[in-house]
Each structure stands twice: as structure tokens, then as C-alpha cells.
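*Asks:* got a predicted model here, sequence first, then my questions.
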Amino acid sequence: MKILVPVKRAIDYNVKVRVKADESGVDLTNAKMAINPFCEIAVEEAVRLKEKGVATEIVVVSIGDKSCQEQIRTALALGADRGIQIDTDQNLDSLQVAKLLSKVVEEEQPQLVILGKQSIDSDNNQTGQMLAALTGMPQGTFASEVVVDGEKVNVTREIDGGLQTVALSLPAVVTTDLRLNEPRYASLPNIMKAKRKPLDVKAAADFGVSLDSNVKVLKVTPPPQREGGIKVADVAELVDKLKNEAKVIS
Amino acid sequence: MSVLVYAEHDNASLKTETHKLVNAAQKMGGDIHVLVAGEGCQAVAEAAAQIDGVTKVLVADNAAYKHQLAENTADLVVELAGDYSHIVAAATTTGKNFMPRVAALLDVAQISDIIGVESEDTFVRPIYAGNAIATVQSSDAKKVITVRAASFDAASTGDSAEVTSLDVVKGSEKSDFVSAELTESERPELTAAEVVISGGRGMQNGDNFKLLEGIADKLGAAIGASRAAVDAGFVPNDMQVGQTGKIVAPQLYIAVGISGAIQHLAGMKDSKVIVAINKDEEAPIFQVADYGLVGDLFDVLPELENSL
């Protein structure tokens, strides 16, 4: 079966972000960029399904300007077979991304779409669910285990109270949580091989999807800073402060 | 203008997130209706009717909603959406699961995880793991919103709104519930507890989390963990406090053997009082702690338990 894995280029998770002085957004000038960590887990899961003989082809798609080809190549080096870049300079919201992806699904007809549950920049946690709704597919979000069983996929989900397992008819959408797997590192020979794998570029404007969002960012500010307090000498002083100063215990 | 609030519950009881959602909804304006979707959830509906500010409770009591699967829940909410200017759910794993489906089916954006309401169309939300705060304005005809409940106070109770049963049944054949493994605990839930005590990598192993239990029992606290402790396999993921886990804002948060990575701080920095216990006096957790105690947790914890 064919698996489609949409990936996003995002700031590297180790980079400390700075808000621009004019409050227009976050300063990404010269910031190290990477494949969004949850998307990397999605690629890894697809590759594992291929290694198990469940998947036959892995197609990676990313939406953005030319620079996101770097992340597509990373995914190809991890084991994906071919890439699609949907070219646009516009900053898209999840709904627009999901609409573009639904067109790719129409064209590619994958049995499984695996995405990261959220990107670590906009923290929306929306795209997979929206894609599922637009394509009429069932969804298994926040997955910690994915087992394909004939015409169904069993997805174990991380929920607030513990774990929940759902059985979905294929084709289906799965979004990844942290514990699904630990992504491998790409080997040098695979990085070299990835350069020769096919990568199609398509203009976002050609998909017949409106790319404009109805949500406007008015300002972006740094979070309020919490002031550090005092150090206490011992347990007795701590308990005394909590009882008599903060009054949070009795 | 009116707001539809999706009640957070487990069929047996109404969760406090719902009271907080109602408070957030009051800042958006208009009538507030609460939707209770589940099976055998009449008691939940009665409880929701008592929240001050709620004018009507809609109950969809059917096996199709027992596990609140995203496909069925979203279709139900979309069917009801016509009457409302705002649709609001908690940014829990339930709300995060079905709400984007609602937004996509209504062809509007979703505003995720808001921590503030500026006006009926302008909302505040954290981005970049809480390292930046965005104020966003939506011109969509319907606003589909998930709310970080910890950022809002709970609405009071005492009212009695009308409760109406719905006979709308939406069942998808493409998705079935198989099983659930829920963590059994006598303690309060992390996101609802007044006191939270969390352990980090400094706990060294899962067994040592027992040292937190005695203190948690005495304080009526929930027990949490840092991502480092979860990744190390000490405790299950549903105990994780942080950007990738649960967001908490209790009256008292006690961080034990937690260094204070940004991703952990994002999950607890809105707590009223923060206590840090760590043997490394340079640990970043002390920069946000109201009371810091430098010491070996294996000495401090038994002493703390005895002095409470």
C-alpha cells in the first residue's frame, strides 16, 4: 500500500526563539530549521511499515518555498521513495494546508496518511484532523502504536486518562505522538542516495484552492516573565512559608 | 450571537474544564448553550445545567457518542452549528481530536488553545511552546475555538438551566472503539488538582515516585512528571506536565528533581505558588520558583512528608 507523509519545515527544537521588536512575529533570520519533530516520527513510522512489508511506497509532501526541499530530502534519506513540493511563498493556516493535501490525496490515493500531531511553531494540532474531515477518512490522532491489519488499521492513542485503541477502515489518517517511535539517523550513503530520488515541484496556485486565511495575527509578544523567589534553608522553613506566607497549605 | 460549549465529561461526571469553558464563553458574549454528548450522561447534563451563565443544556445521549469518537462527535456538532457564532471546546485530547474536523466541515479556521479572550473575534494563544504569545483576530462567520482551561477561572454554580434531549444520531462506520486502558487513581486529576507534585529525572527510577505519594496523600495532590522522567520510562505519559503533556495551573506546584527545561515550564508556569526541590542550585527551575530548596530529594522528601 501507498503511504503519504506530509512534513513541515519548522524551527529546530533546540533553538530559543526571539520575538521581533515590532511585535510582528518571531525572528527566524538565520535560525536553524529542521523537519518538525512530530513529522519526523511520521516518516519513521512509514519507513518501519515499509520494512515490515506492509507499505510499498512512501510519498513525502511539503508545502512552502524552495527551502522546504531540504526537509523533503531529509525524509527521502530516512527511507521515503519520492517527494512533492507544493510551492508557495505564502504563510498558510492549517485549513489551507489541509485543502492542498486533500488534493494530493485525491491524486495519489494513499491507503494511509501519517502526519505529525502538531508543528512546534504554530502549535495548532489541526491539519491531520482537517484533512481527515475533508477527505471523509476516519482518523487516529496522537498515536502511540499503529498496527495495519488487512483492510483496517488499529491505532492506540494517547488520551488524557491513559490510552484508547480505535479500529479504522482504510484509507485513514494517523497523527503521531512522541512515543510512537524513535526516528533513526540518516546514514551518509542514504543521504547521497536521497539526492537522486524523484522530487516533483507543483505550484500551490494550480490546485484550485483559496490560500487566503480569515485569521489575522495582530501581534506577537514575549510571554510574561515569572520572577524567581527566594531560597529556603530547610524543610521546616519551607513548610512555614507555605503555611504562613503563601497560605497554600494548612 | 450565541456560544455552544462542548462539555468535558466521562459520561459519569462533569469535568471542571467545562466550568472554565463557560467562563471563557462569557467573555465572547451572547447566550451560552452546553452540549453534553455521551451515553448514560443525564447526570452530567444536570450538573452542566447548574453552571451560572448557561441558558440551555442539550443532551445527545446515544451509544454513538459513548467514546466521543471524533467522526461522530464532529458530525453532531456540525449539525447543531447553524445557530451559533462561537463553538468552544476544551483543548483536551477530546477537544483537540474532534474540533478541527468541525472547523474543516464548516470551512472555517480553528483558533487553538486560547489563553485569553480580547473580544468576540480576538483571542490570545501561545505559540512556539509558549515562548511567544500571539493575539489573533478571526473574520470567519463562525469561530471554532479550543480553550486552555487552566488559563480561566471556573464559572460558579447555582443556576438551573433548561435541559433538552436531542435525537440526532451520527454514527460513522469507518471508525470503531476497540479498548481503553485508563489509569486508575484515587487522586485528583492533574488538570483539576489544587496541588500538584511532580518528579523529574532526579527521581532516578519509577519506584522512587512512591516517595511523592505520601506527600500527595497529605496534600490531596495529583502526581505529575517531567518529560525527561517519562522518556526515561519511570512513569506513563499521561502523567507528563509540559508543552507536550498536560498544562496545569494549581494553587501549589512542587517540582522535585526537575531541572526546569522550557518545555516543562510551559506546562506549569501559571501555577500560583511554585516550589522547587533540587540538589543542583544552578537548575533553571529555581528562576521561576517562589520557594527553592537546594538539597538531596531522598533526604528532603521523607522529612517533608513527616512535617505535613
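*Replies:* Received, thanks. Numbers count the residues shown, from 1 in each chain, chains lettered A, B, ... in the order given.

*Asks:* give me phi/psi at the residue in the stretch 201-308 of chain B positioned nearest to chain A?
*Replies:* Nearest to chain A in the stretch 201-308 of chain B, going by C-beta to the nearest C-beta, is B:D290, at a distance of 3.7 Å. Heads up, the C-betas are built off the backbone N, CA and C, glycines and all. Dihedral pair for B:D290: phi -70, psi -40, per degrees, to the nearest 10.

*Asks:* just B:A74 next, same as before
*Replies:* phi -60, psi -40.

*Asks:* can you check B:A283 too?
*Replies:* According to degrees, to the nearest 10, B:A283 has phi -60, psi 130.

*Asks:* contacting residues for the closest residue to it other than its chain neighbours?
*Replies:* Setting aside the residues directly before and after it, B:A283 is nearest to B:S259 in space (C-beta to C-beta, 6 or more residues apart in numbering or on different chains), at 4.8 Å. Contact partners of B:S259, counting by C-beta atoms under 8 Å, 6 or more residues apart in numbering or on different chains, are B:G200, B:R201, B:G202, B:S226, B:A228, B:N278, B:D280, B:A283, B:P284, B:I285.

*Asks:* hmm, try it at 10 Å
*Replies:* B:200-202, B:226, B:228, B:276, B:278, B:280, B:282-286 (C-beta atoms under 10 Å, 6 or more residues apart in numbering or on different chains).

*Asks:* need phi/psi at A:A132.
*Replies:* phi -60, psi -40.

*Asks:* follow-up on the earlier one: return the subset of the contacts of B:S259 lying in strands.
*Replies:* B:A276, B:N278 (DSSP state E).

*Asks:* before we move on, the earlier item: so the residue nearest to B:A283 is in which element?
*Replies:* Under the criterion DSSP states H and E, no helix or strand holds B:S259.

*Asks:* got it, and B:G292?
*Replies:* Per DSSP H and E: strand B:291-294 holds B:G292.

*Asks:* now do the helices in chain A.
*Replies:* A:37-51, A:69-78, A:94-108, A:127-135, A:188-194, A:235-240 (DSSP state H).

*Asks:* in CSV: those helices, plus mean pLDDT and mean neighbour count.
*Replies:* CSV is the format used below for the helices of chain A (pLDDT from 0 to 100; neighbours: other C-beta atoms under 10 Å in any protein chain shown):
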stretch, mean pLDDT, mean neighbour count
helix A:37-51, 98, 23
helix A:69-78, 98, 22
helix A:94-108, 98, 21
helix A:127-135, 98, 28
helix A:188-194, 96, 13
helix A:235-240, 95, 16
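
*Asks:* to A:P223, which of these lies closest?
*Replies:* With C-beta to C-beta as the measure, helix A:37-51 is the member of the helices of chain A nearest A:P223 (21.1 Å).

*Asks:* just to revisit the earlier point, tell me what the strand holding B:G292 is packed against?
*Replies:* strand A:230-232, helix A:235-240, strand B:252-256, strand B:273-278, helix B:297-306 (3 or more C-beta pairs under 10 Å, 6 or more residues apart in numbering or on different chains; DSSP states H and E).

*Asks:* just checking, what packs against the second one?
*Replies:* So the one you mean is helix A:235-240. strand A:230-232, strand B:273-278, strand B:291-294, helix B:297-306.

*Asks:* hmm, A:A31 is touching A:R9, no?
*Replies:* No: applying C-beta atoms under 10 Å as the test, A:A31 and A:R9 come out as separate, 11.2 Å apart.

*Asks:* more crowded one of these two?
*Replies:* A:R9 (22 against 14; other C-beta atoms under 10 Å in any protein chain shown).

*Asks:* touching, that one and A:K32? I think so.
*Replies:* No: taking C-beta under 10 Å as the definition, A:R9 is not a contact partner of A:K32, at 11.3 Å.

*Asks:* so what's A:L199 up against?
*Replies:* A:V60, A:S62, A:Q69, A:I72, A:R73, A:L76, A:R82, A:G83, A:I84, A:Q85.

*Asks:* now the strands for the stretch 51-200 of chain B?
*Replies:* B:56-61, B:86-90, B:110-114, B:116-119, B:122-127, B:132-138, B:143-147, B:162-165, B:175-182, B:195-199 (DSSP state E, counting those that start in this stretch).

*Asks:* relative to strand B:252-256, how tilted is the helix or strand just after the last one?
*Replies:* This points to strand B:195-199. Heading C-terminal from strand B:195-199, the first helix or strand you meet, by DSSP H and E, is helix B:210-219. Using axes from the mean of the first three to the mean of the last three C-alpha atoms, to 10 degrees, the inter-axis angle of helix B:210-219 relative to strand B:252-256 is 170 degrees.

*Asks:* for the residue nearest the centre of chain A, give me the pLDDT.
*Replies:* The structure's chain A has its C-alpha centroid closest to A:G116; by C-alpha atoms, centre = their mean the separation is 3.1 Å. pLDDT for A:G116: 98.

*Asks:* likewise for B:T191?
*Replies:* 85.

*Asks:* by neighbour count, which of the contacts of B:S259 wins?
*Replies:* Neighbour max across the contacts of B:S259 (other C-beta under 10 Å) = B:S226, 33 neighbours.

*Asks:* residues contacting that residue?
*Replies:* By C-beta under 10 Å, 6+ apart, the contact set of B:S226 is B:198-203, B:232, B:234-235, B:239-242, B:245, B:255-261, B:263-264, B:267-268, B:285.

*Asks:* B:V294 and B:A192: what is the separation?
*Replies:* 31 Å (C-beta to C-beta, to the nearest Å).

*Asks:* how about A:C39?
*Replies:* In terms of C-beta to C-beta, A:C39 sits 32 Å off from B:A192.

*Asks:* can the longest strand along chain A be said to contact chain B?
*Replies:* Across chain A, the longest stretch assigned as strand under DSSP E is strand A:139-149. Yes: using C-beta under 10 Å from any C-beta of the partner chain, strand A:139-149 reaches chain B at A:Q139, A:G140, A:T141, A:F142, A:S144.

*Asks:* near chain A at all, stretch B:70-79?
*Replies:* Yes: on the criterion C-beta under 10 Å from any C-beta, stretch B:70-79 is in touch with chain A at B:A70, B:E71, B:A74, B:D75, B:V78.

*Asks:* what about B:L308, how many neighbours?
*Replies:* Neighbour tally, B:L308, other C-beta under 10 Å: 14.

*Asks:* which ones are touching it?
*Replies:* With C-beta under 10 Å, 6+ apart, B:L308 has these contacts: A:V235, A:V239, A:L242, A:K243, A:I249, B:G214, B:I215, B:D217, B:K218, B:L219.

*Asks:* and B:G130, what's its pLDDT?
*Replies:* 86.

*Asks:* measure it to A:V104 for me?
*Replies:* Taken as C-beta to C-beta, the span from B:G130 to A:V104 is 32 Å.

*Asks:* likewise for B:A81?
*Replies:* In terms of C-beta to C-beta, B:A81 sits 28 Å off from A:V104.

*Asks:* let me know the pLDDT of B:L166.
*Replies:* 96.

*Asks:* ditto for the one 4 residues further on
*Replies:* At B:K170 the predicted local distance difference test score is 91.

*Asks:* got the buried residues for stretch B:3-22?
*Replies:* B:3-9, B:11, B:14-22 (16 or more other C-beta atoms under 10 Å in any protein chain shown).

*Asks:* so which of those residues are also by chain A?
*Replies:* Okay, of those touching chain A (C-beta under 10 Å from any C-beta), that's B:E8, B:K15, B:E17.

*Asks:* the last one touches B:S151, doesn't it?
*Replies:* Translated: B:E17. No: applying C-beta under 10 Å, one finds B:E17 not in contact with B:S151, separated by 11.3 Å.
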